[in-house]
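K.L.:
sequence first, predicted model second:
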Amino acid sequence: MVECDVEYEKDNIFAKILRKEIPNFTVYENDNILVMMDIMPMSRGHCLLLPKAPSRNLLDANDEVLGKILPAIKKVAKAVKKAMNADGIIIKQFNEDAAGQTVYHLHFHIIPAYRGEKLARHADRKEDNEILAARAKEIANYIEEID
């Protein structure tokens, strides 16, 4: 396994969310992952999938944990596409600041794409809480049980 140059930060915002110290708009949760709405979405239905196992990013993640992630991403992507009536899905994952990572807990962006619509810049604006809650429920209705 390739090591990261920097150690995992136990007080990053996603670690706090996983410890239930900060609220979120949960779409799905089990023993291994949390799927939640991105509060500053690039498009309607933009979700984040966070493994519960601590790792800074892909470079220091446990291979066993990673083996469970891709099938979960696939299920969430299908649910997002169907619930949001999207034309496609973008999966993004960043490793270290030079690559655009801003929160140092492994996570995957699941972003619906719509023909004729440009993606918003991430972090341009926070989405309304009622809209996030409604979209979380819509997507949750299409998620099959994730192992």
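P.N.:
Okay, I see it. Residues are numbered from 1 along each chain as shown.
K.L.:
in this protein, which residue is closest to the centre?
P.N.:
Taking CA atoms, centre = their mean, the centroid of the chain lies closest to residue 48, which sits 1.3 Å from it.
K.L.:
that one - that's part of a strand, no?
P.N.:
Yes - counting by DSSP: H, G, I helix; E, B strand; the rest coil, residue 48 is found in a strand.
K.L.:
state the distance from it to residue 7.
P.N.:
Using CB to CB, to the nearest Å, we find residue 48 at a distance of 22 Å from residue 7. For every residue, glycine as well, the C-beta is placed using N, CA and C.
K.L.:
on that earlier part again, the residue nearest to the centre of the chain: what's it in contact with?
P.N.:
35, 36, 37, 38, 107, 108, 109, 110 (CB atoms under 8 Å, 6 or more residues apart in numbering).
K.L.:
most surrounded residue in these?
P.N.:
Tallying neighbours with other CB atoms under 10 Å puts residue 35 at the head of the contacts of residue 48, with 28 neighbours.
K.L.:
and it, what are its phi and psi?
P.N.:
Note on residue 35: its backbone torsions stand at phi -110, psi 130 [degrees, to the nearest 10].
K.L.:
would you confirm that it contacts residue 73?
P.N.:
No - look at residue 35 against residue 73 with CB atoms under 8 Å: they stay out of range, at 9.4 Å.
K.L.:
what is in contact with these two at once?
P.N.:
By CB under 8 Å, 6+ apart, the residues touching both residue 35 and residue 73 are 49, 110.
K.L.:
list the buried ones in stretch 45-59?
P.N.:
45-58 (16 or more other CB atoms under 10 Å).
K.L.:
to clarify, my last question referred to stretch 101-117.
P.N.:
So, applying 16+ other CB under 10 Å, buried residues of stretch 101-117: 101, 103, 104, 105, 106, 107, 108, 109, 110, 111, 112, 113.
K.L.:
just name the closest of these to residue 87, please.
P.N.:
Minimum separation from residue 87 among the buried residues of stretch 101-117 (CB to CB) is found for residue 113, which lies at 5.9 Å.
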